[in-house]
Each structure stands twice: as structure tokens, then as C-alpha cells.
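Participant: how does the following fold in three dimensions:
(one chain, ligands or ions: 1)
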Amino acid sequence: MIEVKNLYHDYTGRGEYAVYNVSFTMEKGEIFGFLGPSGAGKSTVQNIMTGLLRLQQGKINYNGKSINKIKNEFFNKIGVSFEHPNLYTKLTGYENLKYYAGLFSVPTEDPMKLLNMVGLGDSASKKAADYSKGMKQRLVFARSLLNNPKILFLDEPLSGLEPSTASIIKDIIIDMKKRRTIIFLTTHNMFVAEELCDTVAFINEGKIVASDSPRNLKLKYGEKSVKVEYRENGKVNSEVLFIENDKDKDRLNKLINTKKIETIHSQEATLEQIFIKLTGRGLS
Ligand SMILES: Nc1ncnc2c1ncn2[C@@H]1O[C@H](COP(=O)(O)OP(=O)(O)OP(=O)(O)O)[C@@H](O)[C@H]1O
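Facilitator: Below you'll find the model as predicted:
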């Protein structure tokens, strides 16, 4: 289990917090997502957790031990796949993985197996410099799996990938979850958050404003509505009515009783609509 408690981060030293009093826990086999717009503080939290940024204030414990006290042990347990790939562009895809594998003091996976898994088997002996953006992203993702991580950190794991590749990566993430890996994912894409995450934390201006399963967030904050299409004077009209609003409920009854209804669809709030409701701003 990972426990993040009262995390703060100030880049300026002037009390301007990029991350403010952030707390959450992640269990084995859980995909925990940070959903928020650019500048919300997602990378800052991720960078502190992976040791790229110094922990200024707060606690991060892995199975009850501070990650600061188990730095090397923690490095061997985590996999990191961030958006801006830091690859050795003069080395081939295979050599990149082989080199990185040498940094761990735990057994590592066969690079070729991982390259095949992400669909880069045929490009294993090509220099990383000649990889496309999506191929580099897949190479970094494959690299993050080298040490069979117990905790996987993924930054926008599906962004910019074509649908068939995104689907391969998604399946691997789900497989890692089945193998009880803790997965921390950051994204500004509500569909990714909804599809993959067991728990989603909304982050805005450095603070977590809500955190729950996508379903519970919708039940708690989303207003249930229906879209009714009806025919009138040869024309199709449509109205969106909120079920919990008495006036809308009466209107719905009236439409059903007096109009020729063509379709009625129930509509769920999207995570972005709830984010806007809670923060006053959108995700992009
Ligand atoms: N190295 C830095 N020095 C100063 N301020 C920074 C630094 N890195 C980030 N910030 C600021 O901290 C805040 C949070 O940024 P962060 O990169 O964590 O957001 P994010 O949610 O990851 O955004 P994105 O989705 O664009 O990566 C922003 O106001 C950003 O300008």
C-alpha cells in the first residue's frame, strides 16, 4: 500500500504552492488516477513520488516505510513511464532496454519479450532517434515494465497513440492490475480516467477536490437527466430534462402525455461536467 499524507510543494520558496495538502492511499491491484487540467499539479506529485523532485513537506510511505528511507529498494520496485521520453537516441530500442535493465539490482524481463509485447519487435534494432513519437512512447512504456514493478507510474499513457496501439497498452495496464500492481496514472482525459481507473482524484490548483470511483463520483455529483425527442408540427424537437427537478419532472410527464415521443435516452453526467461543477473550469 502507498500512503501519501499532507503533501505540499512550493517551487518558488514564496509560499506559492503547486501542490497543497494532498493526501491519498493506493492499494495493491488498484489503478488510481489523477485527473486535472494542465498546471493542476499532477506531474509535481508524480515527480515527488518517483524521487525526481525532493520531498519538501508531507509523507509518502510504501508498506508503512518512508520512501525516503528505502530509496534504492523503492527504485527497484517502481516502473516509470512519463510523457517526455528520456531515451538514448543513439542506441537502438533493444539497447535502450538492455542498458536500463542493468541499472536494477533485481531480476529483469527479457527486453525482446517487452518489445514484442508493445509491438516494437520489428524495430528492435532501429536507433531510437528514428522512432516516431508514438514508438518512443511505447519504448518508454516497455522500459517501465523491465523490473516487473510493484508500482507503475504512468503519465498520459494513451495520449497520441493510434487506437490499435492504445488498445494494446490498455490491455497491458489491465493485465498489470490483475497481477496486483499499484498503478498511479495522471491524465487530463476523462475517458482514460473513466475506462481505466478504480479511483479518480480530481486535482485543481494543487488541491484534490474530490476522490472516488468514477461511478460514485457520478452518483454523488452528477445530475441524472433524460433527453426526449418528440415530433411536433412535422418537426423533431428535443429537450434535456433533469429527473430530480420537479418542474422538469412535470414537463416530462406532459411531453409523454401530449406529444408523439420518438426517443427517450437517459444521460449520465461526464467526469468533465462534474469537474466543471466542482472547480468552475474544464479539463483542457
Ligand atoms: N520546475 C518548475 N518550476 C516552477 N514552477 C513549476 C515547475 N514545474 C511546475 N511548476 C508549476 O507548478 C504548477 C503545477 O505544475 P504541474 O506540471 O505539476 O502540473 P500538471 O498538472 O502536471 O500539468 P501538465 O498536464 O501540463 O503536465 C504549475 O503552476 C506549474 O507552472
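Participant: show me which residues of the stretch 151-284 of the chain sit near the ligand.
Facilitator: His188 (Cβ under 6 Å from any ligand atom). Where you see a C-beta, it was placed from the backbone N, CA and C, and this is true even at glycine.
Participant: again, only using 8 Å
Facilitator: The stretch 151-284 of the chain comes close to the ligand at residues Asp155, Glu156, Thr186, His188, Ile203, Gly206, as judged by Cβ under 8 Å from any ligand atom.
Participant: wait, the fifth one sits on Ala193?
Facilitator: This means Ile203. No - look at Ile203 against Ala193 with Cβ atoms under 8 Å: they stay out of range, at 11.2 Å.
Participant: find residues that contact each of those two.
Facilitator: Here Ile203 and Ala193 share the contacting residues Leu35, scored by Cβ atoms under 8 Å, 6 or more residues apart in numbering.
Participant: look up how far Phe82 lies from whatever residue of the stretch 151-284 of the chain ends up closest to the ligand.
Facilitator: Proximity to the ligand, evaluated over the stretch 151-284 of the chain using Cβ to the nearest ligand atom, is greatest for His188 at 5.7 Å. According to Cβ to Cβ, to the nearest Å, His188 stands 15 Å off from Phe82.
Participant: just Arg180 next, same as before
Facilitator: The value you get for Arg180 to Phe82, if Cβ to Cβ is used, is 23 Å.
Participant: next up, the contacts around Asn237.
Facilitator: For Asn237, the contacting residues are Glu229, Tyr230, Arg231, by Cβ under 8 Å, 6+ apart.
Participant: and the residues you listed, which of them are buried?
Facilitator: Glu229, Tyr230 (16 or more other Cβ atoms under 10 Å).
Participant: include pLDDT and secondary structure when you put the contacts of Asn237 into TSV, please.
Facilitator: Formatted as TSV, the contacts of Asn237 follow (pLDDT from 0 to 100; DSSP: H, G, I helix; E, B strand; the rest coil):
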residue	pLDDT	secondary structure
Glu229	96	strand
Tyr230	95	strand
Arg231	92	strand
